[in-house]
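Q: dropping the sequence and predicted coords here.
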Amino acid sequence: MITGPKYKIARKLGAPVFEKTQTQKYAQHLERKSRVKKSFAKPKSEYAFQHNEKQKARMVYGVSEKQFSNYVKKAIEKKASKAVATIYESLELRLDNAVARIGLATTRLAARQMVSHGHITVNGKKANIPSYRLSMGDVVGIKKGSLEKPLFASFEERFKATTVPSWIGFDASAKTATIQGMPKLEQGAGTLFDLGAVVEFYSR
C-alpha cells in the first residue's frame, strides 16, 4: 500500500518530487490518481499553477520557503532575463545537492544530514552547512575520519547506479568530486517543475 506524508504531498502536487516516490509503481499510481482528479477538478487558475510549480521545485530540493524565496528574489533582482538559469544554479550548487548528485547519499535529505554531521569536506576542509554554495574548481570529498564508517560502506554499489551530471567531475578511487562547469537547465530534460512559472509567481 502506498501511504505516508511524502506520498500524500506528491499526489497533491501531481509529481514524484521525493526520491522515494520516483519508482515505476508509484508513477503508475500517481498517473491513475491524476486521471481521476482531472475528471472531477475545475481548471487551475494561473496563480494556482504557478504556486504548484513553486512547491514542486521547493520539495524536490528540500529547501524551506524562506530559503527558496531568497534564491528566487535575488535572481530576479540580479537580472530578470536570466532568473531561471540563476535559480537553477543556486539550487544545484548547494553542497547537499552535489553530495546527492554523486551518489554519496541516496536522497537529498540523507545528504543534508551527512553534511550537517561533518562527514563532508570542501577543498580539504570540513563543511557542515548543507546550503553552502559551491564554485568552479571546488573539490568535494569525505572527511578522512569518516571514510571507514558504515555510512559509506555501500558507496561503490550506489555509484554504479548513479548518473553524475556533466558539470561534476568524479574520481571514484579518491571519492572526490570537482565542480568543473555550471549546471544548465535544459528543456525536455525530465524536469519536474517549471521555473519560468516560479519566476512569474514571485514577480506578481
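A: It's in.

Q: list the residues that contact the closest residue to Lys79 other than its chain neighbours.
A: With Cβ to Cβ, 6 or more residues apart in numbering as the criterion, Lys79 has its nearest non-adjacent residue at 7.2 Å, and that residue is Thr86. (C-beta placed from N, C-alpha, C; glycine too.) Going by Cβ atoms under 8 Å, 6 or more residues apart in numbering, Thr86 touches 74-75, 78-79.

Q: please report the distance of the residue sitting nearest the centre point of the chain from Lys175.
A: Nearest to the mean C-alpha position of the chain, counting by Cα atoms, centre = their mean, stands Tyr61 at 3.4 Å. With distances taken as Cβ to Cβ, to the nearest Å, Tyr61 is found 24 Å from Lys175.

Q: count the residues that sit near Gly181.
A: Gly181: 12 surrounding residues under other Cβ atoms under 10 Å.

Q: ok, the residue nearest to it when sequence neighbours are not counted to Glu156 distance?
A: What sits nearest to Gly181 in space, not counting adjacent residues and going by Cβ to Cβ, 6+ apart, is Trp167, at 3.8 Å. Computed as Cβ to Cβ, the Trp167 to Glu156 distance reads 23 Å.

Q: higher neighbour count, the two?
A: Neighbour totals were compared for Trp167 and Glu156, and Trp167 leads with 19 against 11 (other Cβ under 10 Å).

Q: dihedrals phi and psi, the more buried one?
A: Phi and psi for Trp167, reported as degrees, to the nearest 10, are phi -80, psi 0.
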